[in-house]
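> have a look; sequence and predicted model below, questions after that.
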Amino acid sequence: MTAKYINPHTDFGFKRLFGSEFNKELLISFLNAMFHGEQNVQDVTYLNSEQLGDRSDARRAIFDVYCENDKGEKFIVEMQNVYQEFFKDRTIYYSTFPIREQAQRGGDWDFHLNPVYTIGLLNFNFADGLENAKRWHHEVKLMEVDTHEIFYDKLTYIYVEIPKFDKKENELFTMYDKWMYILKNLSKLMQRPAALQERIFTRLFEQAEIAKFNKHELKLYEDSVNAYRDIVNAIRTAEKKKFAEGRAEGRAEGRAEGRVEVARKMLDKGMSTELVAEMTGLSLEEVSSLNQ
């Protein structure tokens, strides 16, 4: 079945919905929904994401938006499809750039900083440090260990595990639920769900409909989809290889355990260590250790 709407997990799809000045009201709506009313973002200014200091050749699976709201607060919003070993370190590293760029040259700067938010939209389950977490939304701040009180509230890391979101259409009550449903299911939908009737979603579905793309946009999107498929296929291939290696290792361990069990029974029957070693393929040392 041909998709009707774009996949937001692709570079083109993510940037079209969240990284375009023309569609910035979508990003504003998403941010306000994610913060459950604690934020009241009225406007955003897009900043150059190259300021984040990352190498372009290492960004095959990461698409980000860097912006500032009307109060001077900085937001890094990124979509990541593939888990990286040092992903947590990477998000911490990213957050240092919006902090450092606030330093004022000359004058009597008092080190006052505006808040920085680093938001990771993850197309995988982020087990590192969150193994026991059952929710899909995780908010991390600097905390005093003994009291568990927030020590510094201007530096926030939010990790959103998209695969863990499992609400159905009839369970979408908050705007955040609705945005999460879109992030997970948009490319699978063939029509606008009845639960998504807010004006902002009228805008979203208009911008996400592939049939409305011009030739240039369609080419960019197709290239982006192909890149996404390459990533998905690489992940699946690695998982299959790991599974196959695990099965082979398990079979080898099973055979070894079987030989040991046979050797024990042979020794119980009074057979010599040498004969048992010869019949089972175990070394003399291994067989001898079974008698201890």
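Nice, thanks for sending it over. As the structure is a computational prediction, the values presented were derived from the model and not from experiment.
> quick one: list the elements packing against the one helix or strand D64 maps to.
Assigned by DSSP states H and E, D64 belongs to strand 62-69. With contacts taken as 3 or more C-beta pairs under 8 Å, 6 or more residues apart in numbering; DSSP states H and E, strand 62-69 sits against helix 11-18, helix 24-34, strand 44-47, strand 74-80. Any C-beta I mention is one placed from the backbone N, CA and C, and that applies to glycine too.
> for the ones you listed, give me TSV that also has mean pLDDT, distance to M143 and mean neighbour count.
Converted to TSV, the helices and strands packed on strand 62-69 look like this (pLDDT from 0 to 100; distance: least, C-beta to C-beta, whole Å; neighbours: other C-beta atoms under 10 Å):
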stretch	mean pLDDT	distance to M143	mean neighbour count
helix 11-18	92	29	23
helix 24-34	94	21	20
strand 44-47	88	28	16
strand 74-80	90	21	23
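> closest one to L155 among these?
For L155, the closest of those is strand 74-80, at 10.3 Å, according to C-beta to C-beta.
> before we move on, the earlier item: which of the helices and strands packed on strand 62-69 sits closest to W109?
Nearest of the helices and strands packed on strand 62-69 (C-beta to C-beta): strand 74-80, 17.2 Å.
> strand partners of the closest one, parallel vs antiparallel please.
strand 62-69 (antiparallel), strand 116-122 (parallel) (DSSP bridges).
> C-alpha coordinates for that strand, PDB please?
In PDB, the C-alpha atoms belonging to strand 74-80 read as follows (Å, rounded to 0.1, in the frame of the first residue of the first chain):
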ATOM      1  CA  LYS A  74      17.100  27.400  23.800                       C
ATOM      2  CA  PHE A  75      15.700  24.100  22.500                       C
ATOM      3  CA  ILE A  76      17.500  21.300  20.700                       C
ATOM      4  CA  VAL A  77      15.000  18.800  19.300                       C
ATOM      5  CA  GLU A  78      16.300  15.800  17.600                       C
ATOM      6  CA  MET A  79      15.000  12.600  16.100                       C
ATOM      7  CA  GLN A  80      17.300   9.600  16.400                       C
END
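> now that strand, how far from the centre of its chain.
Strand 74-80 has its C-alpha centroid displaced from the chain centroid by 11 Å (C-alpha atoms, centre = their mean, to the nearest Å).
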